[in-house]
Each structure stands twice: as C-alpha cells, then as structure tokens.
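Visitor: Take a look and give me a structure for this.
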Amino acid sequence: FARYAAPSLLSQRPRLSLPTFSILSSVSTDVIAENPLLNRSGLPRFSSIEPSHLPSAVERVLEDMEKDFDDFETRAESASSYEDVLPEVERIQFPLSYVWGVAGHLNGVRNSPELREAYENAQPDVVKASMRMGQSTALYGALKRVSSAVDTADDFASSQKRRAVNSSLRSMEKSGVGLEGEQKERFNAISLRMADLTTKFSNNILDCTKEYGLEVIDADSMAGAPATARRMWAGAFAAKANEDLEEGAKKTEADAENGPWRITLDGPSYMATLQHVGDRSVREKVYMAYITRASDKSLEEERNNIPIINEILSLKKEEAGILGFSNYAEQSLAFKMAPSVESVEKLSDLISKVAIPAAKRELDEVTAYAKVIGGDEYTDIDKLMPWDIAFFSERLREKKFDVTEEELRPYFALPAVLDGLFGLASRLFGITITAADGDAQVWNEDVRFFKVTSDKHVASFYLDPYSRPADKRGGAWMDVCLGKSRATEVEVPVAYLTCNGSPPSGDKPSLMTFNEVETLFHEFGHGLQHMLTEATEGDVAGINGVEWDAVELPSQFMENWCYDRPTVYGFAKHYETGESLPNDLFEKLKAQRTFNAGMMSCRQLSLGQLDMELHSNYDPEGTDETIFDVQKRVASRYAPHATPLEEDRFLCTFGHIFAGGYSAGYYSYKWAEVMSADAYGAFEDVGLDNEEEVQKVGRRFRETVLALGGGVEPMEVFRRFRGREPTPDALLRHSGLA
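Guide: A predicted model of the protein is given here:
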C-alpha cells in the first residue's frame, strides 16, 4: 500500500502465511538445503536466496499444488462445512504464496537482470495455476454450499467466516469461474497478457529512473541549495564515478561544497532539485526528464509505456465485458465501498468546490512572490512553469513561516523519529516495539528488523528506509511477509515497510524531511492494521478482505499525529546536541500544515477522476482522443490552474493504476481520508491534551479499525469506533478548506 504516487505490487501476488508441519514435510531436507526458497520453516533466508533458486522452487511448489488441489477437488464435491473448504485451500496455496511473495518482494527491493528474467519466465505458470484454482467449479460449488450453511451469529468468529466465504465467491466470479468455452479461453489469455504487461510497465519505470543522471559542475547553479542535498548529489556523483573503477585506481571523493554533483530521478534527489536548485535551466531539465520517463520521449523504444497503457485499458474493457460489466470501473467498484462511479464523482465535486478556488488563490500568491524575488525573467510572467512552482512555493513557505526545511532536518534523524513513532504506538495502542536486528536475514545491510509485543510477541516487521535507485523501485509501501492464519497456525504476522527516504551521508544519520516523516507514519499505519489484527481466518486477517477504498484509513490516520505536540516532542531532538525542537519551530510546523492544501487536494482529485475516466468512459480503440488528451480534459475540470504541458507523460509512470491495485480505485485516498480525518476527530473531541482519554480512544481504535481487519464490513467497523458514519467536516477543517 503506497503513499500517493508509488505503485504497489500487493494486489499482484497471493497473501502470505506461515506453513504447518504437514506442508513442510512434502519437501525433503536435502532439497531445502539446496534451495532456501523452499525452506518455509520461518522467516525468508534473504541472505541465501539467489535468482537461480526461483525456477526450481516455482516448479516444485506448482507440481505439489496441482496434485494437492486435484485431491481437494475430489473431496470438495461433497464438502459442505467451512472447515473442509477455505482452511484446506489456504494450506494448499501457501507454498506458492510464500515462494512467489518473496520473489516479488525482492523484485522491488533488490532488482537485478537475473531476478527479473527468472521472475518473468516463471510468471505465466504462476498465473495459470492461480486461474486454475480461481475457476474451479468444484471449489465454487463447495463455497456456495458453505455460504448457505455458515453461522449467521453476530460474534466475530462467525462474521470472519461469512466475510471470508463471500469474499472468496466474489473473487472467483471476478476470476471467471462462470465462464466456458471461447469466453473462458479469451479471459485466461487476457489474464496472462495483463501479468506480462504490468511487469514490463514497472520495469520500464525502474530502468528509466536509474539510468538518468544530470551532472552539474557549475557551483553557481547550486548556490543556495541546502547542504544536505549537496552532500546527496556529490555522493551520487562519486558513486557513479567509482562504479567501474579498476583495481588500484584512485577513487573519486565526494565534494559537497565544490562539486561536481549528480542529480538523479529518485524521490529525494528529484524533490530537492525542484524545491531548492536556483538554476531554472537545471530544474527544467530534471522536471522534463522526470515527466517523460518510460514514454515516447525515452531513448529506447522498448521502454515506451504508451502502447502498454493502451493495451492494458483495452484488455480491461474487454475483460469487464466478458464478466458482464459495462466497463472496468463498474467491475472494480463491485468489490469496494463506493456504490458507483457517480458516488465517487459526487465526493470529488464536493471537495473540489472549495479546493479549486483555494488552489487558484495559492498559485496566484506563489506567482506574485516569484515576480518579486525571481529576477528579470519573472517580472512580467503571467504563469509559472511546472518546474518553477515547487521552487517558489518553498521560498514563499520559508517567508510566511520563517522556517526552512534545512533548519528542521537536524531534528528529524531517523533513529529518533523511530523512537517517537514507537512511543506513540505504545501510548495509543499499548504495544512495545523493540529492535531485533540479527534475528532475521535481510536483503540489504540498511534493513532493520523489529518485534512488536503486547504481553506477548504479537508481530514483527522489516524496515527498508532509504532510497537505492540502482535496484529499488521508487515510492513507499507496506507489504505482507507472513499473514496471521488459524489454518496455517500463524500467530505472529510479519510486515515489510519500505520507504525511499534520504540516506545517511558521511558520518551523519539519515536527516529526514518532514514529508519523509509523514510517509514513514503513513506506511506504519498500514503495518499496524496487518500486525495488530485479531482476525484468525487468513482470508480476512489484517489487510486481507478489507475493501480497497477503506484500506487507507489507518495509514492516513497516522499522519495526523505528526502535528501532535507530545508525539513530535517524542522524537524531534537535534541529532548532535539532543536539544528539543524549539517551540517556535513547532508552531511554525503546525501553521504550515495547510500551506498549498488547495493545490494538493486538486492534484489528488484530478488523478482520482483521471483514473476513473480512463476505466469507465475511455476506449483507446474507439476514439481519436489520446490518454494525454483525457489527462488534460480531466485536469481542466479538477485542476484548472495547473493543466499539464503538451510533453507531459506522467501517465507512463502512474504505476498505481497500471501496475498496482488501484485501477479505478485511486479515488480511495480521498474516500478513506474522509474516514481517517473523522477518526482523528474522535481524539480531538476528547482533547489531545487529555492523556487518559486519548489512550482510551486509542485502545478503541486498536480494538476496531486495527483488530477487525476484513472480518467486519468497513462501515460497520467505523461505526463501532466512532459511533456514527463518517462526515467530510474534519477533512475540510484539517485541510484548511472548511
């Protein structure tokens, strides 16, 4: 689950869970010794796993799964009890889930040509095996019988089973279980092709991102840029220069003060360039490189994602038609909280009525300030270019609030931020988080491992905090390593938390931007829902079975605490002196929360509606309108102050909707933000300075939103926490748009 513009692979791979002894016993000790991917006795053996292990591991687990599922289908013909169906399917699926989940994770955080090749070669067989199970009429019939007999009691155990059965039935219907003949054949061909296209889409973005580097040798171009950013760029230049150094050759040393510097397109480098590099030509080059990645502007035609997007949209439209839907958006919403495309549009319009006027005022103010401080080339400018807006917005922010990002960074060292985040989790949810580095093998030396306790060991998680553009995809996300499940005897779920924050530089720790702090809190919120689940049926435990437009509730909820005084003072200490963040800086930090909130809201609304338009009304084969024409048309309605450039190819990197789980679902961020803001409002209602009441509400949040997972319908979960259905009032107030 990613924060805003980062793609997520979660929906592309099966849920993971720990095995039982009976599963392990099908693989001999000798085979496990030869292939660590087949050792499912605990946490993955990341330091031992190589790309060469994947083909034989997939072949072995698919062979076993086919045999086990054949036997199950024979039994399923007469099965009518819950215990004889879904728990059995969980156990049969697990070996593939484990192998493919680990491979998919490594493909995102330790990508290599060898792993990519092995993954792509194995993918068709994995998809076919998944389709075979998803289209099993024996399994579907058994689930139908179970659904009519499952306990209708209101207790949580019964609710989990009902939700698990109903979710499985819907999933199988979405997988084409009712299809026959040519329709089934075509549907399966589409599924195989889609898996291939989405993988290529992500690979193209990663390749285009990591290959770009703009070397800057003119110190004047970097005048005024923060020392942290200069160290990052100088380090990138030195790393590139030393990449293929011959043995004995003199290494290039990073010189942050005098350069040279190398600007890349990974998040920390790109954002620092747009916000802080005074040389307009440098900003323009980097911006244009960023928005044209993986497009027809790329140097290599095979990395052009435009034909991939068009084919994906065509295939989704065809798939929806085969399943009986009028378009893919309708198909997607059949499995979400939002009842229709119109309801999504209604929420977007409600927010846009106040966001658009605010965004126009904000941009006018930024433009006016650029005319004052920008020099001659800005004196008579009517409209700022996209590569100007972030730069002058940052200057205006510094003027209005008398604080710079660089002033704040020393107070946001990652180790201290983690201590504060864990302290908040203890206050609100009654859990203790301790470092357990060394208890688990990791895929990179920067990765940390932690244990979560609440009277006993309840969960664990990995944290991969820093950007590594050479082998790690961009953005931030939470994913499942091991999922809680009664069927597979899992009591301790494990999560992956992955960010792309600023890495340490020299002898300095990672000094985070405030945005990076918010991102860490966001992903931790997803992790909490996975780790603190009380559900025991694997299909609805943690994040499993949660409707997609509700899944961002805990993540966006956690971001609010970045503006809470006790929380901030739990971590905001100067990394060298230990001095707490001065009170005036904290007040400025809070005051700037709503700065440019109108423009940010419009951007999110525009992207959500663009996604919905592409998946509901657009037909790439039936119109002369291009996907970029649609982008401009939607932007003119929801972000009229910032219509895209003619060269803009942002859609070519919109992995959320073309390589993740957010197709016709990007609106989920705003949909869930209504709930998350209202949930935080419950703490405001009792008084954020009333620690006893705050802790009571925190425990109630844990016992409902975090504990119930997919075992209870999300609106009912919210009602149990808040005592009523959500309203957008708190969201508008927090955004300064009320």
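Visitor: so how far is residue 676 from residue 140?
Guide: Residue 140 sits 36 Å away from residue 676, going by C-beta to C-beta, to the nearest Å. From N, CA and C alone the C-beta is placed, and that goes for glycine too.
Visitor: higher neighbour count, those two?
Guide: Of the pair residue 140 and residue 676, residue 676 is the one with more neighbours under other C-beta atoms under 10 Å, namely 26 against 19.
Visitor: In three-state terms, how would residue 498 be classified?
Guide: Using DSSP: H, G, I helix; E, B strand; the rest coil, the structure places residue 498 in strand.
Visitor: actually residue 426, sorry about that
Guide: Of the three states, residue 426 takes helix according to three-state DSSP.
Visitor: Report the beta-bridge partners for the closest residue to it other than its chain neighbours.
Guide: Ranked by C-beta to C-beta, 6 or more residues apart in numbering and with sequence neighbours excluded, the top spatial neighbour of residue 426 is residue 432, at 6.0 Å. Beta bridges link residue 432 to residue 453, judged by DSSP bridges.
Visitor: ok, now which ones touch residue 432?
Guide: Residues counted as contacts of residue 432 (C-beta atoms under 8 Å, 6 or more residues apart in numbering) are 422, 426, 452, 453, 454.
Visitor: tell me the pLDDT at the second one?
Guide: The score at residue 426 is 98. That number is its pLDDT.
Visitor: and it, how many neighbours?
Guide: Residue neighbour count, defined by other C-beta under 10 Å, stands at 16 for residue 426.
Visitor: Next, count neighbours for the residue nearest to residue 536 when sequence neighbours are not counted.
Guide: Closest residue to residue 536 apart from its sequence neighbours, by C-beta to C-beta, 6+ apart: residue 486 at 4.1 Å. For residue 486, the neighbour count with other C-beta under 10 Å is 17.
Visitor: Verify the stated contact: residue 486 with residue 87.
Guide: Yes. Contact criterion C-beta atoms under 8 Å: residue 486 and residue 87 qualify, at 7.2 Å.
Visitor: one step back: list phi and psi for the residue nearest to residue 536.
Guide: phi -70, psi -40 (degrees, to the nearest 10).
Visitor: residues in contact with it?
Guide: 87, 536, 537, 538.
Visitor: what's the burial count for the residue nearest to the third one when sequence neighbours are not counted?
Guide: With C-beta to C-beta, 6+ apart as the measure, residue 160 is the residue that lies nearest to residue 537, at 4.3 Å, once sequence neighbours are left out. For residue 160, the tally of surrounding residues (other C-beta under 10 Å) stands at 25.
Visitor: On the C-terminal side of the one helix or strand residue 160 maps to, identify the next helix or strand.
Guide: Here residue 160 sits within helix 156-174, counting by DSSP states H and E. Note on helix 156-174: by DSSP H and E, the next helix or strand toward the C-terminus is helix 181-211.
Visitor: Go through that next one and flag the buried ones.
Guide: Residues of helix 181-211 classed as buried under the neighbour-count rule (16 or more other C-beta atoms under 10 Å) are 184, 187-188, 190-191, 194-195, 197-210.
Visitor: Nearest residue to residue 722 in space, please, no chain neighbours.
Guide: Closest to residue 722 by C-beta to C-beta, 6+ apart is residue 682, at 5.8 Å.
Visitor: so what does the helix or strand that neighbour falls within touch, helix or strand wise?
Guide: Using DSSP H and E, residue 682 sits within helix 668-686. When contacts are defined as 3 or more C-beta pairs under 8 Å, 6 or more residues apart in numbering; DSSP states H and E, helix 668-686 packs onto helix 341-373, helix 553-559, helix 597-616, helix 691-701, helix 714-722, helix 729-734.
Visitor: Please name every helix or strand in contact with the last one.
Guide: Taking 3+ C-beta pairs under 8 Å, 6+ apart as the contact definition, the neighbouring helices and strands of helix 729-734 are helix 341-373, helix 668-686.
Visitor: residue ranges for the strands of the stretch 201-350 of the chain, please.
Guide: 214-216, 261-263 (DSSP state E, counting those that start in this stretch).
Visitor: Excluding residues flanking it in the chain, which one is nearest residue 425?
Guide: Nearest one to residue 425, counting by C-beta to C-beta, 6+ apart, is residue 431 at 5.4 Å.
Visitor: likewise residue 133?
Guide: Nearest residue to residue 133, sequence neighbours excluded (C-beta to C-beta, 6+ apart): residue 69, at 6.3 Å.
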